[in-house]
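Trainee: here is the input, now give the coordinates:
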Amino acid sequence: MHPPARAVSLLLNVAHAVDHLFLLIFATAVAAIAADFGFARWEDLMPYGAGAFLMFGLGSLPAGRLGDLWGRRQMMLVFFVGMGVSALLIATTRSAWEMAAALTLMGSFSAIYHPVGIPMLVQGSKTPGRTIGVNGLAGNLGIAAAALVTGLLVKAFGWRMAFVVPGLACLALGLVFARVVPHESEPPSRRVQKSAAPLTPAQLARVFVVMTVASAAGGMVFNLTTNGNGQLLAERLRGVVDDPATLGMLLAVVYAVSSLAQVVVGRLIDRVPLKRLQLTIVLAQAPLLLLASQAQGWWLYAALLGVMVMVFGSIPFTDAVIVRYVDDRMRSRVAGMRLTVAIGISSGAVWALGPAVKAAGFDTLLVVMAGVALLTAGVVSWLPNEPAPAASGLPGASRAGAG
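Mentor: A predicted model of the protein is given here:
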């Protein structure tokens, strides 16, 4: 890979970190924002953030279509500018409904990255599993940064600066992206490139349904954990660790360590059948979630680390399936359709998080998530069987079986 290509990959991976960091600033700073807006409990403000995650899903369909038909570079420029400006707008809000509107706008721009940035990153890659794994690591380091940076900025300068600083940084990254990334000679829809292991129409429909349902169920667990972990730690470590900045650092460590799971899983995807690997990881989530539902203090922290390792480890599979079976000319559109359905459904978890914790507590919520993990495993079991990828490193070098 020549230096310009390395620079493009680096910027696309940083963009993934930015995407996840911005989406979790609100959840990390929600207690401070709630106090500023006059709410007695953070749980009552949490539903106002659901619009960002709803648009994160619904916006993926038009974003993916524009990425294929207009160009992925142009859409990534819209991503950087839109995310930066909307973050600055959020910092100016004075009420819960203003916050909800600004967060929803940010969610519309955040929808661009996954159906556009990831296909742009993996196009032409001979080891897509590894590429997706490293990209997943970058995204989850953004989650870790949200916990750490937001906690520090809120403590030192207040919650508004927790949006201003990342917003300005995002605009600066957009300028670098515009200078470094070369113009596309033609949009992806006009290129000629076939997927490595095409399925029959019936098999492709089956895979699409399975990965969409599994992604929606897995997305619920992901959204409930990443949006609720900060308050879970504050509750279960009360009297042990009470400083918000220290709690943010502890949560950042959980996310940073868990992010490494995506690199490991990405490498395994190039060598192990997807179905077997995904089932193993998803099934491991259930007992760990049950353990976390009953644990307190440092035992809770250890259980949470195990949960997030498995939750993050399951993330690369959907993108790997798309890369393995879908022609690059339409990957952004397929990814956009999948994300619209899956994230549109799982975004409801963000709306329900505050009321659910207020009504039943984190222990019940974690038990429910264990059930969702088992449901996800049942859905994944319907994926077609396939042999392990060939040693050449190309994904799905053999045709998938009927399974």
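
Trainee: contacts and neighbour counts: CA atoms only from here.
Mentor: Fine.

Trainee: my guess is D44 meets G354, correct?
Mentor: Yes - D44 is in contact with G354 according to Cα atoms under 8 Å; the separation is 6.3 Å.

Trainee: who has more neighbours out of the two?
Mentor: G354 (22 against 15; other Cα atoms under 10 Å).

Trainee: so what's the nearest residue to the more buried one once chain neighbours are set aside up against?
Mentor: Closest residue to G354 apart from its sequence neighbours, by Cα to Cα, 6 or more residues apart in numbering: E43 at 4.0 Å. By Cα atoms under 8 Å, 6 or more residues apart in numbering, the contact set of E43 is L353, G354, P355, V357, K358.

Trainee: over to A146?
Mentor: Contacts of A146 (Cα under 8 Å, 6+ apart): H20, L21, F22, L24, I25, T28, A252.

Trainee: and the pLDDT at it?
Mentor: pLDDT for A146: 84.

Trainee: how far does the helix or strand harbouring it sit from the chain's center?
Mentor: Using DSSP states H and E, A146 falls within helix 128-157. Per Cα atoms, centre = their mean, to the nearest Å, the displacement of helix 128-157 from the mean C-alpha position of its chain is 10 Å.

Trainee: and M75, what is it in contact with?
Mentor: A63, L66, G67, I112, V116.

Trainee: which of these lies closest to D242?
Mentor: I112 (37.0 Å; Cα to Cα).

Trainee: just for the stretch 301-403 of the chain, where's the confidence low?
Mentor: Scanning the stretch 301-403 of the chain for pLDDT under 70 picks out the ranges 343-344, 347, 386-403.

Trainee: buried residues in the host helix or strand of A17?
Mentor: Using DSSP H and E, A17 falls within helix 3-37. In terms of neighbour count (16 or more other Cα atoms under 10 Å), helix 3-37 has its buried residues at 8-9, 11-34.

Trainee: and the angle from that helix to helix 128-157?
Mentor: 40 degrees (axes from the mean of the first three to the mean of the last three Cα atoms, to 10 degrees).

Trainee: elements contacting helix 3-37?
Mentor: Where contact means 3 or more Cα pairs under 8 Å, 6 or more residues apart in numbering; DSSP states H and E, helix 3-37 is packed against helix 42-45, helix 72-90, helix 96-110, helix 113-122, helix 128-157, helix 161-180, helix 201-236.

Trainee: next secondary structure after the first one?
Mentor: It refers to helix 42-45. Heading C-terminal from helix 42-45 (DSSP H and E), you reach helix 50-58.

Trainee: could you tell me the angle between that following helix and helix 113-122?
Mentor: Using the same axes, to 10 degrees: helix 50-58 against helix 113-122 is 40 degrees.

Trainee: got the contact list for helix 50-58?
Mentor: 23, 100-101, 103-111, 339-345, 347-348, 350-351.

Trainee: what about the most far-flung residue of the chain relative to its centre, distance to S332?
Mentor: Within the chain, the residue lying farthest from the chain centre (Cα atoms, centre = their mean) is G239, at 31.7 Å. Remark: distance between G239 and S332 (Cα to Cα, to the nearest Å) = 48 Å.

Trainee: likewise for S258?
Mentor: 27 Å.

Trainee: the more surrounded of those two?
Mentor: Neighbour totals were compared for S258 and S332, and S332 leads with 35 against 24 (other Cα under 10 Å).

Trainee: residue ranges with poor pLDDT in the stretch 1-150 of the chain?
Mentor: 1-4, 124.

Trainee: picking that back up, can you tell me the SS state at the residue farthest from the centre of the chain?
Mentor: Following DSSP: H, G, I helix; E, B strand; the rest coil, the label given to G239 is coil.

Trainee: ramachandran coordinates for S381?
Mentor: Backbone torsions for S381, taken as degrees, to the nearest 10, come to phi -60, psi -10.

Trainee: looking at it, it is touching L274, isn't it?
Mentor: No - using Cα under 8 Å, S381 makes no contact with L274, being 10.7 Å away.

Trainee: these two: who's more crowded?
Mentor: Shown here are S381 and L274; by other Cα under 10 Å, L274 has more neighbours (24 against 15).

Trainee: ok, that one to V321 distance?
Mentor: Taking Cα to Cα, one finds L274 at 8 Å from V321.

Trainee: and L290, by the same measure?
Mentor: 29 Å.

Trainee: could you do L204 as well?
Mentor: Relative to V321, and taking Cα to Cα, L204 is found at 10 Å.

Trainee: more crowded one of those two?
Mentor: Under the criterion of other Cα under 10 Å, the comparison of L204 against V321 puts V321 first, with 19 against 15.

Trainee: tell me which helix or strand the more buried one sits in.
Mentor: helix 316-325.

Trainee: between that helix and helix 113-122, how big is the angle?
Mentor: 50 degrees.

Trainee: what's in contact with the following helix or strand past helix 316-325?
Mentor: Next in sequence after helix 316-325, counting helices and strands by DSSP H and E, comes helix 331-346. For helix 331-346, contacts defined as Cα under 8 Å, 6+ apart pick out 53-65, 67-68, 114-116, 119, 208, 211-213, 215-217, 219-220, 223, 319, 322-323, 326.

Trainee: can you do 7 Å?
Mentor: Defining contact as Cα atoms under 7 Å, 6 or more residues apart in numbering, one finds that helix 331-346 is touched by 54, 56-61, 63-65, 67-68, 115-116, 119, 212-213, 215-217, 219-220, 322.
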